Structure formats: structure tokens, C-alpha cells
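>>> Fold the following, please.
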Amino acid sequence: MKIYQVLTTLSFGDAVSNDALAIMDLLNKNGYKMNTYAEHIDTRLTSINGVKEINALPKLNDDDIMIYHLSTGTDLNRKIKSMGGRKLLIYHNITPPKFFAKYSGLSARLCSKGRGEVQSLSDTFEGVLCVSDYNRKDLQELGYTCPMAIRPILIPFEDYKKTPDEEIINKYNDGIKNVVFVSRIAPNKKQEDLLSMMSAYKKMYGDGIRLFIVGNPKGLENYDKRLKEYAKLLELDNVVFTGQVSFASILAYYKIADAFVCMSEHEGFGVPLIEAMYFGDPILAAANAAVPDTLGGSGILTTNDDPKKSAFLLHELLYDEELRASVIEGQNKRLEDFSYEKVSALFLEELEKFIRGEAV
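So this is what the prediction gives:
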């Protein structure tokens, strides 16, 4: 019996890709000797031992196991039906196409294609590991009846101990409160609602804070352009669009954050929420999709439809020291559920159950 990990794309810094690489490292350290195969591989990842092109995937024997990460529309979703072996799905969710319709026909088509393919694969897997309960419910609605378990994304927290960009830290250590959101620039992330909140905050409390929208707009430049036009319309001169930045820069933005704010309407998990917890940044987040699952009662929840309410909650989070301390304490407790040791043990336990033919 051999184990093979398969996904459509290995991207540098992508949450799904990071999860796959962390799983490969974990299994290799535990004697499984697993390789990871992808259709598209970022050139920065090709030198990693065990990362291979999908055309190098050998024919699987009946007792071999394929761990398949599903997060987008791809022809590979159809091809795996006819591949051999026993199949274990890791489901990261697929963004509904409605979010992309106005900004990227390609993204909308891929998401629409992906949602249909997820449904068509409902009879393909012996078991599923969902990264959130929200994802589990999504699969149930799409007709999945196979055994399913919840297994959070595996995060190697040691990476966050690397040296941050000191230039950014020094530049923005100027007494102004820094509010940060880290994620790709995409319509489902609702960065425009962050801008609306900032506009309401400015009217209510003045210009004492600064917002960093940290993320890569590649593929959604039309949306990025609209965001910047909206910020200009709102006369917000305290918003910084960083564009694509290095990992050291991302670490620096977390380091300088006085609060982390998320208005995303669709998350299958939300790794940046965990990162904010790790760096001790109190979180204000809209209660959408998997966000409440991931926060697990920590942070402060808000809605997308009331910028004034969000601005008020943000102000309290920034300036009420007792509230800040309470929120951070709750987040630290929740962070323990995502420790590398705990999630590693959970994954290995579920994999062993799957190997033995037991329900995950």
C-alpha cells in the first residue's frame, strides 16, 4: 500500500498548497514516504523533494490511497474518477461563482465548474476530511453520504518565527492605530466593506487609524481597481493597498497590527484568522461561512450590512483595554485547538482509521 497526494495547483503561499506540503512533510516524517502531484506547480516549489508533475503519477493499485485536495474547478476533478486506488477527499470548499461574475469571467466559470464537479464526485470517495464544519454541511447539501470528519488545516507555526520586514515595522510605528486584513484581493473577501467601515469610523471618530489591505490582486485587477476608486470616492487617505508582498512583509503587517478585521462573505476555513491569533491581534470579523467555526467563540463577530456598528466595535476593540485583553485571552485559548501537534495527531489518527477501512 502506497499513499499519493494529488491537487490541481501548488502555489507559493496559498493555504491549500501549504496544507498539502505540511501533510507531505508530516507523513514522510512518520514513515509513509508520500509524494505530492499537481497539474500546475509554482517554480519556487519545484525544488521541494517529493513534489512532482501530475503526469508522473503512477497507476494506483487497488489498495493504494489517493489523498485528493479539492478547492477549484479543474479537468482533474473528472479524471480522478477513473484513477485507481482508494480515495480520501480533503475538502477546502469552492467560492460561489456569483462573487466573480462582475469582475472575472474566468474565475466565475472555474468556480461554477468546480461546484458542479464537487457534486458529480459525491460517489467517488470512501471518506472525507473537511477543514471546517461549514464545509461538511456544504458537502451534505451536495449529496455526499460517505463518512466525514473535521480536520483543520495543518499550520507549521514555526514559519511565523522567521524575521519580519523591519523597514515596515519602523515605518508604521508612529502612534497611529494599525488595522490589518491579509488575504488575496477577491470579491468574496469583501474588501469594499472594510472601506465602508473605515469611512464610518472617520465620520464617527476621526483619522486616528490606518487600514492595510494586504493581498495579491492577480487575476482580479478589475476588482482591485474598483476598490481603489471607492477608497478615493470616500476620501480615505488612511488606506494602504500593499499588493503582492513577501512573507517577511506579511509577518511585519501582523506584528504592527492593533486589530485584524475580516469582512469576508465566503471562507472554507480562514487561515489568516489563525495567523492573527498567533500574533496576538484582536479580531473583528463578519459572521459568514466558516468564520464562526474557525473563531470558535473567540474574537468579536459583526455583520456586513452595518458599517457604523462595525466602526463602533472596532473603536472599542482598539481602545478598551479590558475588552482587548479579554478578546486576546479567548483567541489564545482557541489557538490551542490548531496547534501543530494537535492537528498532526488528529490527521494521523483519521488516516490510520481510513487505512484500516474504518469510518473517518
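>>> Flag the shaky bits of the stretch 51-200 of the chain, pLDDT-wise.
Scanning the stretch 51-200 of the chain for pLDDT under 70 picks out no residues.
>>> Run through the helices of it in chain order.
Assigned by DSSP state H, counting those that start in this stretch, the helices in the stretch 51-200 of the chain fall at 76-79, 105-120, 133-141, 166-171, 191-205.
>>> Distance to Lys87 added to these, as TSV?
Yep, even glycine has a C-beta here, placed from its N, CA and C like the rest. Below are these laid out as TSV (distance: least, Cβ to Cβ, whole Å):
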stretch	distance to Lys87
helix 76-79	12
helix 105-120	14
helix 133-141	14
helix 166-171	44
helix 191-205	36
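>>> out of the ones you listed, deepest packed?
helix 191-205 (a mean of 21; mean count of other Cβ atoms under 10 Å).
>>> hang on, Glu192 packs against Lys228?
No. The pair Glu192 and Lys228 fails to qualify as a contact (Cβ atoms under 8 Å) at a distance of 10.7 Å.
>>> Figure out the length between the terminal residues of stretch 278-298.
13 Å (Cα to Cα, to the nearest Å).
>>> What mean pLDDT does it get?
Averaged across stretch 278-298, the pLDDT comes to 98.
>>> Same check on stretch 234-243?
96.
>>> Quick check: buried residues in that stretch?
234, 236, 238-239, 241-242 (16 or more other Cβ atoms under 10 Å).
>>> Farthest-apart pair in these, please.
Spanning the widest gap among these are Leu234 and Thr242, at 18.8 Å by Cβ to Cβ.
>>> one step back: and of the helices of the stretch 51-200 of the chain, who's closest to Arg356?
Minimum separation from Arg356 across the helices of the stretch 51-200 of the chain (Cβ to Cβ) falls at helix 133-141, 21.7 Å.
>>> For stretch 90-110, list the C-alpha coordinates in PDB.
Provided in PDB are the C-alpha atoms of stretch 90-110 (Å, rounded to 0.1, in the frame of the first residue of the first chain):
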ATOM      1  CA  ILE A  90      -9.800  16.800   1.700                       C
ATOM      2  CA  TYR A  91     -12.400  19.500   1.000                       C
ATOM      3  CA  HIS A  92     -11.500  23.100   1.200                       C
ATOM      4  CA  ASN A  93     -14.700  24.500  -0.400                       C
ATOM      5  CA  ILE A  94     -15.200  26.400  -3.600                       C
ATOM      6  CA  THR A  95     -16.300  30.000  -3.800                       C
ATOM      7  CA  PRO A  96     -19.700  30.500  -5.300                       C
ATOM      8  CA  PRO A  97     -19.300  32.000  -8.800                       C
ATOM      9  CA  LYS A  98     -21.700  34.900  -8.100                       C
ATOM     10  CA  PHE A  99     -18.900  36.800  -6.400                       C
ATOM     11  CA  PHE A 100     -16.800  36.900  -9.500                       C
ATOM     12  CA  ALA A 101     -19.400  37.500 -12.200                       C
ATOM     13  CA  LYS A 102     -18.900  41.300 -12.500                       C
ATOM     14  CA  TYR A 103     -15.100  41.100 -12.300                       C
ATOM     15  CA  SER A 104     -13.700  38.000 -13.900                       C
ATOM     16  CA  GLY A 105     -15.500  35.700 -16.300                       C
ATOM     17  CA  LEU A 106     -12.700  33.100 -16.000                       C
ATOM     18  CA  SER A 107     -12.900  33.000 -12.200                       C
ATOM     19  CA  ALA A 108     -16.700  32.700 -12.300                       C
ATOM     20  CA  ARG A 109     -16.500  29.900 -14.800                       C
ATOM     21  CA  LEU A 110     -13.900  28.000 -12.800                       C
END
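>>> show me what contacts Ala248?
For Ala248, the contact set (Cβ atoms under 8 Å, 6 or more residues apart in numbering) comprises 162-165.
>>> Of the residues you listed, just the buried ones, PyMOL syntax please.
This is the PyMOL syntax for the buried subset of these, where burial follows 16+ other Cβ under 10 Å:
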select buried, resi 164+165
